[in-house]
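Visitor: For reference, the sequence and a predicted model appear below.
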Amino acid sequence: MAIHLSVRFANANTLSALTNTSVSPELIAASLNLDPGLFHYLSDSLHPPNAVNRLHAQYAKVARGVAAGYMEIALLLRVVNYTFLASNVFRQRVLAAREPPFLGVEGRVIRLCGRISDTLTMSLERDGRHLLPIIEDPAVYKHLLEKHTQNGQIPAAWQVREGQYGSPQAWAGLYVDEPALLKTQNGKRLLYIEADGTNSEDALRFGTESADLTIEDASAAFRMIEDRANHNPSLPPYEVVKVFLGDMLQKKQTGGGTEYTLRQRIKLRREVDIFVDSKLPIVTEIVSWCDRTADKGYLNRKVIFETDSQEYYHNCKEILQNYGFTVVDIVDVTPEEAGKLPRLIYYRRTASTVNAFRAVIESEDVDPSRLCVVIDTKEGLDTIRQLHPDETVRIVCSSEIYDGLLRQIRTWCRMGYTPSEIQREIDARSAYVRQIAKMVAEQTEEAKKAGELKKGEFEEDLQKKEKEEVKAKEGQEVKESGEGKPEG
């Protein structure tokens with residue numbers, strides 16, 4: 001019984017010491033049906049024997065409190081340390097797009113963005129967490145991920161490396177829940193997937209090979225995402241809607257040497273439910289601006305096109321000629337004409353386009369209402385608006401147009417229209433300009449073969465962009481490693 005009493009007394013007071021309290025021995029004795037008077041020998045009188053015993057008991061109490069206090073501090077430090085480590089690991093996984101997104105988001109759109117997507121920044125600003133981007137390289141989207149994940153707190157993207165779109169392991173962990181399915185007005189549920197197959201900063205080349213997300217990548221990803229949805233038996237009946245945005249004049253060859261376009265492949269293999277030609281909306285906007293701005297009369301409908309791309313100039317000249325406009329180079333007009341004629345500005349890089357626009361606005365006597373700037377990124381769009389806040393300058397932003405088109409298709413789907421009905425509407429709206437673009441693409445190809453146009457311009461741009469991305473990554477790595485080193 002004495003051992004039992006000692007053990008219970010030790011346990012009770014060790015735990016109590018964590019809160020700076022204690023349990024009296026009389027209480028412990030009473031809980032064991034013992035006489036509490038056993039401990040009354042420590043009387044309040046200060047006779048030497050009793051005083052010595054009381055002092056020893058106080059020393060033991062202090063020692064117990066000190067030991068328990070250090071144990072408490074050590075335990076708290078370990079809890080804080082493990083919490084910090086777990087939080088840091090979670091943050092790194094979120095910023096690396098390897099942490100599954102939170103569930104419960106109503107109406108989630110999954111979008112394949114490839115290595116880089118000019119439209120993604122615009123879409124995330126508008127749709128937020130309702131858009132789940134599938135990206136190849138998180139380093140390219142570093143600042144975008146930091147912003148929309150709240151610096152690594154909320155998962156907002158998923159990574160699939162280049163060439164891994166058909167690998168089940170690349171999609172393991174991605175979960176499709178019931179709220180993510182889009183609801184239509186007629187009661188259907190849709191697993192909605194978009195693919196951005198456009199080339200970055202390349203709005204006026206026709207038939208250019210894909211330098212990023214291909215139709216093969218998108219087709220494999222569509223199947224994998226549908227397989228992931230099938231892993232959830234609790235999902236209600238749903239339909240899959242697959243939308244592809246890209247240059248429908250892209251060409252490839254079969255093993256037998258037969259050439260075919262992207263549009264022909266999609267129609268034949270039906271890998272996509274709705275396909276949108278990324279070039280035609282840009283051309284349509286440029287033609288519309290020319291029609292509103294150029295002088296009336298067939299011989300007077302001149303438009304200046306300022307660019308550093310032979311292919312851009314050739315394509316735009318041939319297209320606008322079919323609409324009754326005459327395109328002239330900036331060096332072929334007098335200073336007086338340069339200030340009066342409508343001017344279209346579009347360079348191969350967004351930064352160059354912004355710089356040219358700024359130079360025109362600041363150094364030339366030009367009517368801003370007769371300027372049109374073609375921009376590919378949201379950053380470029382914001383910069384142009386900062387340089388010229390009023391809306392007299394016409395800005396044709398490809399990422400803004402693409403985002404608007406994709407949102408319109410989603411709206412039609414929610415209204416209950418079928419993919420085939422939506423496709424017919426899209427084709428009907430762009431039938432004429434599609435025929436012109438096809439003709440111009442063929443002329444451009446012949447001009448390159450004849451040596452009239454520079455070959456390899458697109459490849460040259462790709463090489464420059466790849467070098468810039470490598471330098472940017474190296475600079476970021478040096479910066480991050482430098483931040484982790486102590487000074488001195």
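Guide: Sure, I can see it.
Visitor: This protein: strands as residue ranges?
Guide: Using DSSP state E, the strands of the chain run over 109-114, 131-135, 158-159, 182-183, 189-196, 239-246, 251-253, 259-261, 274-277, 302-306, 326-329, 343-345, 371-375, 394-397.
Visitor: Would you format these as CSV with mean neighbour count, mean pLDDT and distance to Ala294 included?
Guide: C-betas here are computed from N, CA, C, even on glycine. Formatted as CSV, the strands of the chain follow (neighbours: other CB atoms under 10 Å; pLDDT from 0 to 100; distance: least, CB to CB, whole Å):
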stretch, mean neighbour count, mean pLDDT, distance to Ala294
strand 109-114, 25, 96, 37
strand 131-135, 24, 97, 38
strand 158-159, 18, 96, 47
strand 182-183, 16, 96, 42
strand 189-196, 24, 97, 33
strand 239-246, 22, 97, 30
strand 251-253, 14, 87, 33
strand 259-261, 13, 90, 32
strand 274-277, 24, 96, 25
strand 302-306, 21, 95, 6
strand 326-329, 15, 94, 9
strand 343-345, 24, 96, 11
strand 371-375, 24, 96, 11
strand 394-397, 22, 96, 12
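Visitor: From Leu77, how far out is the residue nearest to Cys372 when sequence neighbours are not counted?
Guide: What sits nearest to Cys372 in space, not counting adjacent residues and going by CB to CB, 6 or more residues apart in numbering, is Arg394, at 4.3 Å. For Arg394, the distance to Leu77 equals 62 Å [CB to CB, to the nearest Å].
Visitor: Could you do Tyr238 as well?
Guide: Distance from Tyr238 to Leu77, by CB to CB: 50 Å.
Visitor: what do you get for Ser420?
Guide: Taking CB to CB as the measure, Ser420 falls 64 Å from Leu77.
Visitor: Kindly report the same for Glu364.
Guide: Distance of Glu364 to Leu77, given as CB to CB: 66 Å.
Visitor: quick revisit: can the strands of the chain go into a markdown table with extra columns for distance to Leu462?
Guide: Formatted as a markdown table, the strands of the chain follow (distance: least, CB to CB, whole Å):
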| stretch | distance to Leu462 |
| --- | --- |
| strand 109-114 | 14 |
| strand 131-135 | 19 |
| strand 158-159 | 22 |
| strand 182-183 | 35 |
| strand 189-196 | 17 |
| strand 239-246 | 16 |
| strand 251-253 | 17 |
| strand 259-261 | 21 |
| strand 274-277 | 21 |
| strand 302-306 | 23 |
| strand 326-329 | 25 |
| strand 343-345 | 23 |
| strand 371-375 | 20 |
| strand 394-397 | 22 |
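Visitor: looking at those, which is closest to Phe222?
Guide: Across the strands of the chain, Phe222 has its closest neighbour in strand 239-246 (5.0 Å, CB to CB).
Visitor: I'd say Thr377 and Ser399 touch.
Guide: Yes: the criterion here is CB atoms under 8 Å, and Thr377 meets it with Ser399 at 5.9 Å.
Visitor: okay, and the common contacts of those two?
Guide: Shared contacts of Thr377 and Ser399, defined by CB atoms under 8 Å, 6 or more residues apart in numbering, are found at 118, 121.
Visitor: which one is Gln310 nearest to, not counting chain neighbours?
Guide: Nearest non-adjacent residue to Gln310, counting by CB to CB, 6+ apart: Lys454, 4.9 Å away.
Visitor: Distance-wise, check the one you found relative to Lys142.
Guide: Here the criterion is CB to CB. By it, Lys454 lies 34 Å from Lys142.
Visitor: Which parts of the stretch 351-488 of the chain are helices?
Guide: Secondary structure of the stretch 351-488 of the chain (DSSP state H, counting those that start in this stretch): helices located at 378-387, 398-414, 419-429, 431-449, 457-483.
Visitor: List the contacts of Asp177.
Guide: Contact analysis of Asp177 by CB under 8 Å, 6+ apart lists 103-104, 232, 235.
Visitor: Filter the residues you listed down to the buried ones, PyMOL style.
Guide: Buried residues within the contacts of Asp177, by 16 or more other CB atoms under 10 Å, are selected in PyMOL with:
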select buried, resi 235
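Visitor: Gly339: which of the contacts of Asp177 is nearest?
Guide: Among those, Gly104 lies closest to Gly339 (CB to CB), at 57.3 Å.
Visitor: Neighbour count: Tyr238 and Leu77, which is higher?
Guide: Neighbours per residue (other CB atoms under 10 Å) separate Tyr238 from Leu77, with Tyr238 holding more: 18 against 10.
Visitor: Quickly list what the nearest residue to the more buried one once chain neighbours are set aside is bridged to.
Guide: Spatial nearest neighbour of Tyr238, excluding adjacent residues (CB to CB, 6+ apart): Arg189 at 4.2 Å. Counting by DSSP bridges, Arg189 is bridged to Lys183.
Visitor: Arg370 versus Arg189, what's the distance?
Guide: Going from Arg189 to Arg370 by CB to CB gives 49 Å.
Visitor: Would you agree the residue nearest to Tyr238 is in contact with Lys183?
Guide: Yes: with contact defined as CB under 8 Å, Arg189 counts as touching Lys183 (6.3 Å).
Visitor: buried stuff in stretch 402-417?
Guide: The neighbour-count criterion (16+ other CB under 10 Å) identifies 402-403, 405-406, 409-410, 412-414, 417 as the buried residues of stretch 402-417.
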